[in-house]
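A.B. asks: model this:
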Amino acid sequence: MFFRACGKFCQQANPPDRSFAAAGDPHVGSYEVLMKPSFISFLVVNIFTYFIFILTPKVAIASEPCDLSCMIYELDKAEQYNEMVNIYISEKKRALACKNIEDVLNFLRARKAVKGHVEISESWSETLERDFFQDRTTCLFNALLKLDEKARNDVIDEFKIPFVLDKNEIEQVLKKYRKNTKYKQIVNRYYKQLQ
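C.D. replies: Residues are numbered from 1 along each chain as shown. Coordinates of the predicted model:
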């Protein structure tokens, strides 16, 4: 009885606000009326969602980890050249650090992917010859040994017509490793492809 009386008293003390409601509607101002969807609100939400979808860049998200080659192909399809260059530069820096052989392998495997882009292709060739072959030869050779034979031969064949170095400079570097049995197949491949 007390709760029933208090309930009536509380309703009389705090009547619902009906100032914005049309006369005679007992549900005006209630939660149900305010939350009824209208065609206009439906249309506004759908148009907004459509434009957000259209304006966002489309880059395929791989379900598996994506290496540098994969990223270049995907960004090329999405026509996002600046993003492709930025990713290439950051991956090149990681490879040049020679801290992780996988980073160097990732860089070497990107050979085919970069061939379609002049600036990136030139940078890749210059990095291979000057930064890896001349300055980080052991790092390069160790990575080449981990590649499969076809990929390894493709990279070594890049030295047939050097982009930055002379053939004499290439042969000077190879003379240092000619007697090293670990790198013999790399050196032999270079001289074999010259014949």
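A.B. asks: hey, where'd the helices end up in this structure?
C.D. replies: 2-13, 31-34, 39-55, 68-77, 81-96, 101-109, 111-114, 118-126, 137-146, 149-157, 167-177, 184-194 (DSSP state H).
A.B. asks: which positions in stretch 115-133 come out as buried?
C.D. replies: In terms of neighbour count (16 or more other Cβ atoms under 10 Å), stretch 115-133 has its buried residues at His117, Ile120, Ser123, Trp124, Ser125, Thr127, Leu128, Glu129, Arg130, Asp131, Phe132, Phe133. Where C-beta positions appear, they are placed from N, C-alpha and C, glycine not excepted.
A.B. asks: kindly report the same for stretch 128-148.
C.D. replies: In terms of neighbour count (16+ other Cβ under 10 Å), stretch 128-148 has its buried residues at 128-134, 136-137, 139-144, 147.
A.B. asks: with stretch 98-108 instead?
C.D. replies: Going by neighbour count (16+ other Cβ under 10 Å), the buried part of stretch 98-108 is Cys98, Asp103, Val104, Leu105, Asn106, Phe107, Leu108.
A.B. asks: on that earlier part again, just send the buried residues of stretch 115-133 back as CSV, with pLDDT too.
C.D. replies: Formatted as CSV, the buried residues of stretch 115-133 follow (pLDDT from 0 to 100):
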residue, pLDDT
His117, 80
Ile120, 86
Ser123, 90
Trp124, 91
Ser125, 91
Thr127, 93
Leu128, 93
Glu129, 92
Arg130, 92
Asp131, 94
Phe132, 94
Phe133, 93
